[in-house]
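*Asks:* Just the structure for this:
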Amino acid sequence: MNVPNTLTPISWKYGAIAAGVGLTQGLGLVWYSDQVFGPVWKRTHPVTAATMTEKDHATALAISAASDTAFAILLTYLSSRFFRPLTPTDAVLLAGIISGVQVLPKIGHAMWGKQKPDEFFVDHGFDFAGNLIKILCLMYIPY
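*Replies:* Residues are numbered from 1 along each chain as shown. Next up is the predicted model:
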């Protein structure tokens, strides 16, 4: 494991950030589709014809992409300063750690029955997969 020190320069990889965000957004379109995990997700997030016309989905998608980009930039900084994954195993471990930290505040909801285990997996499995995609893009895309 290569642990950079505080003097290690930050290497901003804008192409990797864009690829990671684009691939994660694409994964979200497939992950939450009716053919994959959409029906499970819709149990806790009811979507009807009325809500489809009431909501501004373009704004929601833009906000999702912006927050995804901000998180990818944070991952770039963290991987440049504190932990530079060298192997796919390192990437899986780092994605697991980050996803675990993201899940910690929400475990209570799963334990107290606000979310069923399959619904919990759908939401947080996607978070793990998105984190892993972004980390792998930062590892393997050089620009």
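*Asks:* For this structure, give me the ranges with low pLDDT.
*Replies:* Applying pLDDT under 70 to the chain flags residues 1-10, 47-56, 84-85, 108-115.
*Asks:* Can you show me the helices along it?
*Replies:* Along the chain, counting by DSSP state H, helices occupy 14-31, 38-44, 49-54, 57-81, 88-103, 107-111, 117-140.
*Asks:* and the ones you listed as JSON lines, adding mean neighbour count?
*Replies:* In short, each C-beta sits where N, CA and C put it, glycine included. Putting those into JSON lines (neighbours: other C-beta atoms under 10 Å) gives the following:
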{"stretch": "helix 14-31", "mean neighbour count": "17"}
{"stretch": "helix 38-44", "mean neighbour count": "14"}
{"stretch": "helix 49-54", "mean neighbour count": "8"}
{"stretch": "helix 57-81", "mean neighbour count": "15"}
{"stretch": "helix 88-103", "mean neighbour count": "16"}
{"stretch": "helix 107-111", "mean neighbour count": "12"}
{"stretch": "helix 117-140", "mean neighbour count": "19"}
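*Asks:* Do I have it right that Cys137 meets Thr24?
*Replies:* No: taking contacts as C-beta atoms under 8 Å, Cys137 lies outside contact range of Thr24: 9.0 Å.
*Asks:* Arg43 contacts Glu119, doesn't it?
*Replies:* Yes: under the criterion of C-beta under 8 Å, Arg43 makes contact with Glu119 at 6.3 Å.
*Asks:* what's the overlap in contacts for the two?
*Replies:* Shared contacts of Arg43 and Glu119 (C-beta atoms under 8 Å, 6 or more residues apart in numbering): none.
*Asks:* do you know how far Val30 is from Ser79?
*Replies:* 26 Å (C-beta to C-beta, to the nearest Å).
*Asks:* wait, I meant Ala66
*Replies:* Ala66 sits 20 Å away from Ser79, going by C-beta to C-beta.
*Asks:* same thing with Pro46?
*Replies:* 38 Å.
*Asks:* next one: Ala65
*Replies:* According to C-beta to C-beta, Ala65 and Ser79 sit 21 Å apart.
*Asks:* Check Pro142 too.
*Replies:* According to C-beta to C-beta, Pro142 and Ser79 sit 14 Å apart.
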